[in-house]
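Student: Give me coordinates for this.
(chains A and B)
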Amino acid sequence: MSEYLLEMRAIVKDFAGVKALDGIDLAVRAGECVGLCGENGAGKSTLMKVLSAVYPHGTWSGRILWEGRELQARSIRETEAAGIVIIHQELMLVPHLSVTENIFLGNEITNAFGMLDYEAMHRRAAALMAELRMPQVNVALPVSQYGGGHQQLIEIAKALNKQARLLILDEPTSSLTRAETEVLLDILRELKKKGVASVLISHKLEEIEAVCDTITVIRDGRHIGTRPMGELSVEQIIAMMVGREITELFPREPHAIGEVIFEARHVTCYDPDNPARKRVDDVSFALRRGEILGVAGLVGAGRTEMAMAIFGAYPGRSTLELWMEGRRLSVRSPQEAVAAGICLVPEDRKRHGIVPLMGVGHNITLSVLSAHARHGVVDSVGELRVIDRMIERMRIKTASSLLPIRGLSGGNQQKAVLAKMLQPAPRVLILDEPTRGVDVGAKYEIYKLMMAFVKEGMSILMISSELPELLGVADRVIVIGEGRLRGDFVNDGLSQEAVMAAAIGQTETPPAARAD
Amino acid sequence: MSSLRTLQQLFSRYKILTLLIAIALIWTFFTWQSEGAFLTSRNLSNLLRQMAITAMLACGMVFVIIAGEIDLSVGSMLGLLGGVAAVLDVSFQLPFWLNLPVVLLLGLALGLFNGYWIAYLRVPSFIVGLAGMLVFRGVLLAVTDGSTIAIESQSFVGLGQAYLPPFAGYVLAVLLFAIVVALTFVGRANRRRYQLPVASVWQEGGKLAAIGIIIAGFVSVLNSYEGIPVPVLLMLIILGAFSFVARRTVFGRRIYAVGSNLEATRLSGVNTRLVKMSLFGLMGLMCALAGLTNTARLAAGSPSAGNMGELDAIASCFIGGASMRGGSGTVLGAIIGALIMASLDNGMSMLSVESYWQMIVKGSILLLAVWLDVVSGSER
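Tutor: Here you go, the predicted structure:
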């Protein structure tokens, strides 16, 4: 019998030549809880997908030893049969089915005639719920009757029912309240006593500290270190997570920053699925003319929700006050936001940015087509002139402006979406992860364009999960954590560690906010 | 496998050409089977008049489908509006010049009503269409008392049965050709200005010559019978107008954008709900025109008018290359789709094929056409 229940050795996984994982080791003993930490995009989720055979054996290199024997699983079914169960960040429950039906989905108990044996299943489900200290849950009711915290535990019950010996939890508490989180952590401790091992992926270091025995830090697909929990201070963990040198070039240029022109006050967004939970909780900030205000925070902190609410596009209920040059704005739809001088380049380019079947040029003019038309008829010559000018200014590489935009590279698509949202001449431009999925050359060009915009007096609110980028271009950085404003820093020799500490919630009082 | 792939690519790139080949095959087959009776000017004139009504619906429907929606109520709406027109003519003695705009406005209003439910009250268009299908047919039965109403106004009947004098037909043909030539020259000049590839003079000249021959042939064939039927003229005007809307107007551009990516369009500051509602308004207008033409053609409003009309219109759009996923399709394609459906109807009736066989063949053709769309789109 090996010392470890699970050993992953030198795992390498690449996507089209880009190494997402570059020689990662991870070891878990029976009954041990390992915390897996790393920045956004460090490779945590990819590693877990390798382990659970979402990426089957053969699509990556390295070895996985399970109880000392090599595991070559080709499907999730095989890893689950071995006892490895992953619980994804997005819950995989069928809301209209009952708790019991969800727990036994794909694993149903049947009687001699092949009929579902509801009695046996209900009994077992109720026993599992009691084990998870939720005896009050009526297992015959649909899952949608229960909130996010209960659903997370139902997901765990489903895993335990599959005789899980290693439980992988990917950001399990990101949609839970504090009290629900406590219950979950308690249950993880109890599972440890029963010999069930777990890997906990979390951005919240206090949770990792509370339950994990060992911590493994990865960064940019590389294994940075594995230590017993007690040996590391929070500061050391943050340093291991961030560590990256600012090697990329940022074309930061001096530019004049004027008076406050835009203010968002008391932005509060409620979860559309769980109206009791606030995704964004009373965030206020001011934006000056010609300023690039960076918004830092971890994935799921509420930054995108805040941006969508300001743009009038948040799907749930939200309350906020917007002020432009001292006047109160009423923005209830993207249409009104654009009219008021606010434009947004969304995070999800495929879903929210491009109109895939249309030409590059027509994508660019989509936002202002009426301006190029008389009596509703498009002045195609005038439109083409604008398109040509934008393609040249943004350096969009395409053989013709008539080609469908879906054929372009990510960087060129992004520049076209940027061009589109620039057409209405916004005074406030919100960029949500403007360089995600964009190659280095195009990134640099996007930064240069941002510099040109602010020199013309535009103000930019830039959401980014890449700290080097934020610190490379922003004049000021605000930090959002768990929906709240956690910090407001002038970017004058600001360190990644300080921002990361605020994002994780390690600094009790935000450093002195910029005096207005 | 590779030949199948090539075939798929061919179909997706030259959809219109493929459709024209299909028509040529269908016509050749029927001409052969009917010993030439199919390809007479009298029959072709009839065929075009038969297709005009489906084509009007298909023009409105193709916009609805491009926007990623569907409208199942058009057959019933056509029937209702045609019936109302007959009632207004007979019971209220409304002169035709007043009857026409009243019914068109009523169609627009009904369409907008449908659109309001879909765009603003967010009921799926499938359901709104299904409900409208029942409700409009029900109202029609109530209005006509379940019986056929013969209309009296001769100018009304003319909308469906009259012909354009042959001379006017030729003038029209010359005008149409002149417009096509002018558009070609403007297009070439624009493409040159933007350094876009310009087709060679020979290629363009050949294309123009082909179009000229088609126009000349079309008009002389119809003129050798009675002239261009009024419904066919209407259909051609609608084809021109709708193609213009699709290619050159803000509204047309937005229809494609909404169908290809609704969220991205909304986040670009476009009022996507208004676009959707207007779309159904336009569909209603087309139902009114088709209803009027239908009533005029039969010289009566009938409680069963437009039965299954929605299916022919929808099938025409899909056969004409519109995508179920939204975002792509052309007005010309939908018209050609309607021509294919009408040719099948006409040819099989001429050969006295049992009506059940007609249904089976039409259904199979629809299935085949959409399958072609799916396989040629699967490479995306």
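Student: what about residue B:289, how many residues close to it?
Tutor: When counting by other Cβ atoms under 10 Å in any protein chain shown, one arrives at 27 neighbours for residue B:289. C-beta coordinates here come from the backbone N, C-alpha and C atoms, glycine included.
Student: what about it, which helix or strand?
Tutor: helix B:272-298 (DSSP states H and E).
Student: for residue A:280, helix, strand, or coil?
Tutor: Assigned with DSSP: H, G, I helix; E, B strand; the rest coil, residue A:280 falls in the strand class.
Student: Now do the same contact list for it.
Tutor: Residue A:280 sits next to A:267, A:268, A:269, A:302, A:305, A:306, A:309, A:318, A:480, A:483 when contact means Cβ atoms under 8 Å, 6 or more residues apart in numbering or on different chains.
Student: OK, contacts around the fifth one?
Tutor: Which is residue A:305. Residue A:305 makes contact with A:269, A:279, A:280, A:314, A:318, A:483, according to Cβ under 8 Å, 6+ apart.
Student: Next, work out how far apart it and residue A:331 are.
Tutor: Per Cβ to Cβ, to the nearest Å, residue A:305 is found 15 Å from residue A:331.
Student: can you check the second one too?
Tutor: As for residue A:268, its distance to residue A:331 is 15 Å (criterion: Cβ to Cβ).
Student: hmm, back to that, what is the subsequent helix or strand relative to the helix holding residue B:289?
Tutor: strand B:300-301.
Student: Which secondary structure elements does that next one sit against?
Tutor: helix B:74-90, strand B:149-150 (3 or more Cβ pairs under 8 Å, 6 or more residues apart in numbering or on different chains; DSSP states H and E).
Student: Give the rounded mean pLDDT of that strand.
Tutor: For strand B:300-301, mean pLDDT rounds to 93.
Student: cool, and stretch A:297-305?
Tutor: Mean pLDDT, computed over stretch A:297-305, is 85.
Student: Could you list the buried residues of that stretch?
Tutor: Neighbour counts over stretch A:297-305 (16 or more other Cβ atoms under 10 Å in any protein chain shown) mark A:297, A:298, A:300, A:301, A:302, A:303, A:304, A:305 as buried.
Student: between these, which is nearest chain B?
Tutor: residue A:304 (12.3 Å; Cβ to the nearest Cβ).
Student: could you measure that closest one against residue A:348, distance?
Tutor: 9 Å.
Student: Report the contact partners of the residue in chain A that chain B sits nearest to.
Tutor: Going by Cβ to the nearest Cβ, chain B is nearest to residue A:338 of chain A, at 3.3 Å. By Cβ under 8 Å, 6+ apart, the contact set of residue A:338 is A:367, A:424, A:426, B:268, B:269.
Student: circling back to that earlier point, widest-spaced pair of the buried residues of stretch A:297-305?
Tutor: Maximum pairwise distance in the buried residues of stretch A:297-305, criterion Cβ to Cβ, is 13.3 Å, between A:298 and A:305.
Student: mean confidence score for stretch B:50-67?
Tutor: Stretch B:50-67 carries an average pLDDT of 96.
Student: same thing with stretch A:406-424?
Tutor: On average, the pLDDT along stretch A:406-424 is 90.
Student: so residue B:259 makes contact with residue B:67?
Tutor: Yes. The pair residue B:259 / residue B:67 is scored as a contact, 4.5 Å apart, by Cβ atoms under 8 Å.
Student: three-state assignment of the closest residue to chain A within the stretch 251-380 of chain B?
Tutor: For the stretch 251-380 of chain B and chain A, the shortest gap (Cβ to the nearest Cβ) falls at residue B:269, measuring 3.3 Å. When classified by three-state DSSP, residue B:269 comes out as coil.
Student: my guess is it contacts residue A:337, does it?
Tutor: Yes. When contacts are counted by Cβ under 8 Å, residue B:269 is listed as touching residue A:337 (7.1 Å).
Student: which residues do those two both contact?
Tutor: Common neighbours of residue B:269 and residue A:337 (Cβ under 8 Å, 6+ apart) are residue A:343.
Student: Residue B:259 and residue B:67: which is more packed in?
Tutor: Ranked by neighbour count (other Cβ under 10 Å), residue B:259 and residue B:67 place residue B:259 first, with 28 against 25.
Student: does the more buried one sit in a helix or strand, and which one?
Tutor: Taking DSSP H and E as the definition, residue B:259 sits inside helix B:250-260.
Student: what's that helix in contact with?
Tutor: With Cβ under 8 Å, 6+ apart, helix B:250-260 has contacts from A:355-358, A:362, A:366, A:369-370, A:373, A:376-378, B:63, B:65-68, B:245-246, B:264-265, B:268, B:270, B:272, B:275-276, B:278-279, B:326-328.
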